[in-house]
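Engineer: give the three-dimensional model of this entry:
(one chain, ligands or ions: 1)
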Amino acid sequence: MGLVSHSLGRVFGSSHQEGFCAFCRGRRKYPAKKHLGPVDAAGMILFSALAGTVIWGSFDPRSLVLFVLCIGMGEIFVYLRWRQRMVCRHCGFDPVLYNISPNRARDKVKIFYEARMQRPEFLLSQSPLLELRKRLLEQERLKQRIQRVKGRSFDSSFKN
Ligand SMILES: [Zn+2]
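Structural biologist: Residues are numbered from 1 along each chain as shown. You can find the predicted model right below:
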């Protein structure tokens, strides 16, 4: 059983690479594995042969079906995990989607940003998106100040 869990751990266990988000520059981890490798396939062969022997008593050709099933499910699991973790936790930027459609990636970040801004605990976090929020607030304040100054000069020119 230890061997089985060890081989499963090798297949499903994840190693990571450190890096930075291309959008918010936040530090993040990327999963190193996108597909199953030859070591994983060897582990699957061993696992299905062992499981087949346990289930059917001796080596059985049905172990091959079990192997195909295991490798299919393992590949789907590893790929979906990789795909899910490629999205930045800080800003919602999806580099895979960006390669396909930059506009859809931008919309996704916008939705992520608006959803996060609704939560007060986000404002207390260390997220790099808060810098963007500060800049937007600054711009808004500047616009209001310009409007006030314009309004004053309009009033004074109207009085004269
Ligand atoms: Zn990011």
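Engineer: any idea which element residue 18 lies in?
Structural biologist: For residue 18, the element it lies in under DSSP states H and E is strand 16-20.
Engineer: likewise residue 126?
Structural biologist: Residue 126 is part of no helix or strand, with elements assigned from DSSP H and E.
Engineer: spit out the contact partners of it.
Structural biologist: By C-beta atoms under 8 Å, 6 or more residues apart in numbering, residue 126 lies in contact with nothing. Where C-beta positions appear, they are placed from N, C-alpha and C, glycine not excepted.
Engineer: per-residue confidence for it?
Structural biologist: Model confidence at residue 126, given as pLDDT, is 73.
Engineer: residue contacts, the residue nearest the centre of the chain?
Structural biologist: Centroid-nearest residue in the chain: residue 87, 2.3 Å away (criterion: C-alpha atoms, centre = their mean). Residue 87 makes contact with 93, 94, according to C-beta under 8 Å, 6+ apart.
Engineer: quick one on the thing from earlier: and for the strand holding residue 18, what's in contact with it?
Structural biologist: Under the contact criterion C-beta under 8 Å, 6+ apart, strand 16-20 has outside partners 26, 27, 28, 29, 30, 31, 32.
Engineer: among those residues, which are within reach of the ion?
Structural biologist: Restricting the contacts of strand 16-20 to those near the ion by C-beta under 5 Å from the ion leaves residue 26.
Engineer: taking the contacts of strand 16-20 one by one, which sit in strands?
Structural biologist: Residues of the contacts of strand 16-20 located in strands (DSSP state E): 27, 28, 29, 30, 31.
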